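Colleague: Build me a structure from this.
(2 chains)
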Amino acid sequence: MFNETTSRRDLLRNVALAVTLGGLNAEAAQHVHQAAAVEKATTGIYKPKLLNPHEFQTMQRLADLIIPADEHSKGALDAGAVEFIDLLCSQSPELAATYTGGIGWLDQAMGHRYQTNFVASKPDQQTEMLDLIAFRKNDSPELGPGIVFFDWARKMVVDAYYTSPIGVKDVGYMGNKGMSEFKVPAEAIAYAVKRSGL
Amino acid sequence: MQINRGGPVYDVVVIGSGAGGGTTVKVLTDLGVSVALIEAGPMLNPAKDFKEHMWPSQLPERGAGEGGGVYFGKGPAFGPFLAPNGYWDIEGEPYTVAKGDDFRWFRSRILGGRTNHYGRISLRFADYDFASYSRDGLGTDWPITYDEISPYYDKAEAFIGVTGTKEGIRSAPDGIFQTPPPPRVHEVLIKKSCDKLKIPCIPTRLAIITKPLNGRPACHYCGQCGRGCVTASNYSSSQVQIFPAMKSGKLKIFPNSMARELITDGAGKVTAVSYIDKDTRTERQIKCRTVVLAASACESARLLLNSKGPGYTNGLANSSGVVGRYLTDSTGYGISGYIPALEGRGRYDEDGFGGMHMYIPWWEWDKKNKTFPRGYHVEFGGGYNMPGVGSFHGTCRSHEGYGKSLKDAIRTGYGNTIGLSGRGEMIPNENTFCEIDPQMVDRFGIPVLRFHFKWTDYEINQVRHMHETFTNIIETMGGKVLGLRNPERESAGISVGGSIIHEIGTVRMGSDQKASALNKYCQAHDVKNLFVADAGPFVSNPDKNPTLTICALAWRTAEYLAEELRKGNV
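Modeller: You can find the predicted model right below:
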């Protein structure tokens, strides 16, 4: 039998290794394999499963507008957000209808305003539209379907982004590592207590 | 049915492998008794089945489930990362709910049952919880006292490992504790807020070990207890009790075996258990000297009600008619708050336990004349959790918009929201019970349960009190309550019955044979070789989670059973 310190350290090393490799078990390994395939597809040419090329492009533009790259990190495009949405749409007729219908509505609305579809319009025309449909306060019979659609697009782009390694890093989640002792930084406690007025 | 076939006769057949079954198996095999364990689900292989340490990005659907089921409230309960085989709905194994009522029944068909994923909250019932009728005239007193069960709390805690500190609070008796982890930053704020409000807030009592115990390594603080722990550093009956018992040579496990009926000799003794081998849908039997039901409160009641014969036409061990009655669940209510004081505190690994590091025990236990007679405890959530599908839907709703401002808002707000959840005592009422549905059977032909469930004003008023308390705690630390659940409305936002997964009481114990199914050792009044070791025997469901008491009571029952076997009394 190992002494406890040794076995514990080994354990944590195994845990860390498992996390690094994603190879904790056969099932996990299979998922890693699948995820890798998805990533490969994103870096190469991803073949959309449900969205047609125009719809896929429209979602790419929307994803880039919802979570853009900034000085801290890359954006939703690099995080595979559209591939995520396309994959789920391919598994769910309900979701597919939400996206194909939403994009259809968006193009028609852009056509009425600017005589062009969403991807082909100018950036300021695109943001003018989003400034309307990205807020519940603008709800009206005219904009209602767009607001509902954008709510779906926003939350799913956000989900895809923050579940990606890029997004995890962007918010600064530092866990899923395992530790030998749980500690809380004293300065973080002092800081929050002071600000709370308690 | 009274056909007896060949095969060995086991000293004890245990039905169900959760907290009650696991504890029974552990205690009996330690005492040298031969046990057959029937489990309705498959064997567990933690290395293969648990998704501990896995990132959402390792799943193609990122944890949203097939077809984005999470967005539509479908798919595996609590998402695809939870320890396996727990469902609100099991295909081919339905239950029904009476018209106008609402009830949800969570079942976990796998070795270890719900202990593979449960919240690990381990609270002793208080001395007065065993005599609540004597205190306020509601419900029924237990046939045992705190002093009678206390030694078994000691045994259970010492064996499974429970954290805690000696506090001397009457509503939350002290036990055999391991050192709890220190509070997270938001938990320090909650504690300080509670101090101002004169509400106790004490270190957590969870079945997670911070020091090695019986060959199990200490917790590695990844925060994922609900996914199942590959190092068995938290309590699950599968890993902590049943796997070790398998090495004793005294235990034979029958997985994928759905108990259908108890067979008797016509003279008041169970002689065999009839079950369905799920793989082949074939009926089989195991012969026994004694039987212990630990299938969960409602499944055990179902099995008794479905076991009928001459002289017990309304179910076995049910001459009192109480089987299925006195069903309760804990009350549940939760709100969250955004805490600006937490903004900008820096980033660090805040995973810790898969659960809170502090909690609030009930503090008004000695007050009377309240609009609600029984109490609740409070659990916390918050901190820098692993981002997952849905983590930032709240920010999407509150901030709206898009682009860099949304990204900044998510970055700024991450880790600053806390959640407070109350879990309180429900008083049994005559409108809440389960019975056999007269029309429906499951895919094995076994008649299913029909549930009736109604909260009363006692519970609704309690939940209103939770709302006020939680609002005060959040606002005292400068926070803002999010997403009000409208406590003004009739139901006050109380949880759906059954959804807290603390269903108990359907095969209750008591000293009066006319008003209870079991005696003070959880032995059937009518059938001396029949015992119940899940939450079915509970007479009340205090403001404490049931699992620790299931373990303690099962331990006591198993010791009594072994002694009765030795004496030849059963």
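Colleague: remind me which residues of the chain are low pLDDT?
Modeller: By default, I'm working from chain A. Low-confidence segments of chain A, defined by pLDDT under 70: A:1-44.
Colleague: if you could check chain B rather than the one you did, that'd help
Modeller: For chain B, residues meeting the criterion pLDDT under 70 lie at B:1-5, B:369, B:484-488.
Colleague: Tell me which residue is most central in it.
Modeller: In chain B, the residue lying closest to the centroid (CA atoms, centre = their mean) is B:His502, at 4.9 Å.
Colleague: what helix or strand is that residue on?
Modeller: Using DSSP states H and E, B:His502 maps to neither a helix nor a strand.
Colleague: Break down chain A into its strands, ranges please.
Modeller: Assigned strands in chain A: none (criterion: DSSP state E).
Colleague: hmm, back to that, show the contacting residues for the residue nearest to the centre of chain B.
Modeller: B:His502 is in contact with B:Thr328, B:Asp329, B:Ser330, B:Arg423, B:Ala535, B:Asn541, B:Asn545, B:Pro546, counting by CB atoms under 8 Å, 6 or more residues apart in numbering or on different chains. The C-beta positions use only the backbone N, C-alpha and C, and glycine is treated the same way.
Colleague: try it again with 6 Å
Modeller: For B:His502, the contacting residues are B:Asp329, B:Ser330, B:Pro546, by CB atoms under 6 Å, 6 or more residues apart in numbering or on different chains.
Colleague: before we move on, what about B:Asp195?
Modeller: Counted by CB under 6 Å, 6+ apart, B:Asp195 has zero contacts.
Colleague: Give the helix, strand or coil label for it.
Modeller: helix (DSSP: H, G, I helix; E, B strand; the rest coil).
Colleague: Out of the contacts of B:His502, which end up buried?
Modeller: In those, burial by neighbour count holds for B:Asp329, B:Ser330, B:Pro546, counting by 16 or more other CB atoms under 10 Å in any protein chain shown.
Colleague: ok, these vs chain A, which is closest?
Modeller: Distance to chain A across those (CB to the nearest CB) is lowest for B:Pro546, with 27.2 Å.
Colleague: List the contacts of the lengthiest helix in chain A.
Modeller: Of all segments of type helix in chain A, defined using DSSP state H, the longest is helix A:93-114. With CB under 6 Å, 6+ apart as the test, helix A:93-114 has contacts from A:50, A:55, A:58, A:88-89, A:117-118, A:121, A:125, A:145-146, A:149, A:152, B:68.
Colleague: Just the ones in helices from those, please.
Modeller: In helices, defined here by DSSP H, the members of these are A:Glu55, A:Thr58, A:Leu88, A:Cys89, A:Gln125, A:Pro145, A:Gly146, A:Phe149, A:Trp152.
Colleague: Greatest separation within those residues: which pair is it?
Modeller: Largest separation among the ones in helices among the contacts of helix A:93-114 by CB to CB: A:Leu88 and A:Gln125, giving 28.6 Å.
Colleague: Between the two, which has more neighbouring residues?
Modeller: Neighbour count, other CB atoms under 10 Å in any protein chain shown: between A:Leu88 and A:Gln125, A:Leu88 has more, with 28 against 15.
Colleague: Thought B:Glu66 was touching that one, still the case?
Modeller: No - counting by CB atoms under 6 Å, A:Leu88 does not reach B:Glu66; the two are 8.6 Å apart.
Colleague: ok so, going back, quick one: the longest helix of chain A to chain centroid distance?
Modeller: The chain centroid and the centroid of helix A:93-114 are separated by 21 Å under CA atoms, centre = their mean, to the nearest Å.
Colleague: how about that helix: buried residues?
Modeller: A:Leu95, A:Ala96, A:Thr98, A:Tyr99, A:Gly102, A:Ile103, A:Trp105, A:Leu106, A:Asp107, A:Ala109, A:Met110, A:Tyr114.
Colleague: How about stretch B:168-181?
Modeller: For stretch B:168-181, by 16+ other CB under 10 Å, it's B:Ser171, B:Ala172, B:Pro173, B:Gly175, B:Phe177, B:Gln178, B:Pro180, B:Pro181.
Colleague: Helix or strand: which one has the nearest residue to the fourth one once chain neighbours are set aside?
Modeller: With sequence-adjacent residues excluded and distances taken as CB to CB, 6 or more residues apart in numbering or on different chains, B:Gly175 is closest to B:Glu157, at 4.7 Å. Using DSSP H and E, the secondary-structure element containing B:Glu157 is helix B:146-160.
Colleague: Which positions in that helix come out as buried?
Modeller: Those would be B:Tyr146, B:Ile149, B:Ser150, B:Tyr152, B:Tyr153, B:Lys155, B:Ala156, B:Glu157, B:Phe159, B:Ile160, for helix B:146-160 by 16+ other CB under 10 Å.
Colleague: Who are the packing partners of that helix?
Modeller: Using 3 or more CB pairs under 6 Å, 6 or more residues apart in numbering or on different chains; DSSP states H and E as the contact test, the elements touching helix B:146-160 are helix B:547-567.
Colleague: any idea how far the helix it packs on is from the chain center?
Modeller: Going by CA atoms, centre = their mean, where helix B:547-567 is centred and where its chain is centred differ by 19 Å.
Colleague: Would you mind writing the CA trace of it as PDB?
Modeller: Coordinates of each C-alpha in helix B:547-567 appear next as PDB, following Å, rounded to 0.1, in the frame of the first residue of the first chain:
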ATOM      1  CA  THR B 547     -30.500   9.800   3.300                       C
ATOM      2  CA  LEU B 548     -28.500   9.800   6.500                       C
ATOM      3  CA  THR B 549     -31.600   8.700   8.500                       C
ATOM      4  CA  ILE B 550     -32.200   5.900   5.900                       C
ATOM      5  CA  CYS B 551     -28.700   4.700   6.500                       C
ATOM      6  CA  ALA B 552     -29.000   4.900  10.300                       C
ATOM      7  CA  LEU B 553     -32.400   3.200  10.400                       C
ATOM      8  CA  ALA B 554     -31.300   0.500   7.900                       C
ATOM      9  CA  TRP B 555     -28.200  -0.200  10.000                       C
ATOM     10  CA  ARG B 556     -30.400  -0.600  13.100                       C
ATOM     11  CA  THR B 557     -32.800  -2.800  11.300                       C
ATOM     12  CA  ALA B 558     -30.100  -5.000   9.800                       C
ATOM     13  CA  GLU B 559     -28.500  -5.600  13.200                       C
ATOM     14  CA  TYR B 560     -31.900  -6.500  14.700                       C
ATOM     15  CA  LEU B 561     -32.600  -8.800  11.700                       C
ATOM     16  CA  ALA B 562     -29.300 -10.600  12.100                       C
ATOM     17  CA  GLU B 563     -29.900 -11.100  15.700                       C
ATOM     18  CA  GLU B 564     -33.400 -12.500  15.100                       C
ATOM     19  CA  LEU B 565     -32.000 -14.800  12.500                       C
ATOM     20  CA  ARG B 566     -29.400 -16.000  14.900                       C
ATOM     21  CA  LYS B 567     -32.000 -16.700  17.600                       C
END
